[in-house]
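K.L.:
Sequence first, then the predicted structure, then my questions.
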Amino acid sequence: MTNYQPSPTEWVAKQVELYESTDGREGNMMRGMPVVLVTHKGRHSGAIRKTPLMRVVDGDTYLLVASIGGAPKHPVWYYNLIEHPEITVRDGATVQQMRARLVTDPAERARLWPIAVAAFPNYAEYEKKTTRVIPVFVAEPIKKPGQN
């Protein structure tokens, strides 16, 4: 991707570079837990961004949790996914084209939240630290013509 713009946060940029250069054999952990790389488009810049997020799997989908450690505001990537839901998810050497969908149904979120917490228990602590409802996206594979 020609207009990739690395994160201004040095450790994130280095982790992304290490993850990609080793097909996820290195740089694949954060806080002792596995991560995936989410490639998305910046809503203002149009630049390609890459964000390591905790690996949370539900069947053939990934859950992308916009916790930012329980901060009072949503992370920047949240707004990028709202504007441009077409993303790629790299899980080790596997890269999939996916579409991110913000979970708005309370019952669906109630089902998914425990899955996220089981994958990364700190989410429960983050939820207590903030007054906002921590957004959850479901990243679903984009079906190619002829696929069911």
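P.N.:
Nice, thanks for sending it over. Just so it is clear, the structure is predicted and the values come from calculations on it, not from any experiment.
K.L.:
just so I have it, where are all the helices in this protein?
P.N.:
10-21, 76-83, 106-119, 122-129 (DSSP state H).
K.L.:
Just name the most buried of the ones you listed.
P.N.:
For the helices of the chain, average neighbour numbers computed from mean count of other CB atoms under 10 Å are highest in helix 76-83, which has a mean of 18. C-beta coordinates here come from the backbone N, C-alpha and C atoms, glycine included.
K.L.:
what's next to it, contact-wise?
P.N.:
With contact meaning CB atoms under 8 Å, 6 or more residues apart in numbering, helix 76-83 is reached by 38, 40-43, 49, 51, 64, 66, 87, 100, 102, 135, 137.
K.L.:
again, 10 Å this time
P.N.:
With CB atoms under 10 Å, 6 or more residues apart in numbering as the test, helix 76-83 has contacts from 7, 38, 40-45, 47, 49-51, 53, 64, 66-68, 74-75, 87, 99-102, 134-135, 137, 139.
K.L.:
Stretch 89-96 now?
P.N.:
Against stretch 89-96 from outside (CB under 10 Å, 6+ apart): 16, 19-20, 22-25, 28, 34-40, 50, 52-53, 55, 57, 60-62, 64, 87-88, 97-98, 100, 139-142.
K.L.:
among the contacts of helix 76-83, which ones are buried?
P.N.:
Buried members of those, counted by 16 or more other CB atoms under 10 Å: 7, 38, 40-42, 49-51, 53, 64, 66-68, 75, 87, 100-101, 134-135, 137, 139.
K.L.:
out of those, which are inside strands?
P.N.:
Members of these lying in strands (criterion: DSSP state E): 38, 40-41, 49-51, 53, 64, 87, 100-101, 137, 139.
K.L.:
now those as a markdown table including pLDDT and distance to Glu108?
P.N.:
Formatted as a markdown table, those follow (pLDDT from 0 to 100; distance: CB to CB, whole Å):
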| residue | pLDDT | distance to Glu108 |
| --- | --- | --- |
| Val38 | 98 | 20 |
| His40 | 98 | 22 |
| Lys41 | 97 | 25 |
| Arg49 | 97 | 26 |
| Lys50 | 97 | 27 |
| Thr51 | 97 | 23 |
| Leu53 | 98 | 19 |
| Leu64 | 98 | 14 |
| Ile87 | 98 | 19 |
| Ala100 | 98 | 14 |
| Arg101 | 98 | 10 |
| Phe137 | 98 | 12 |
| Ala139 | 98 | 14 |
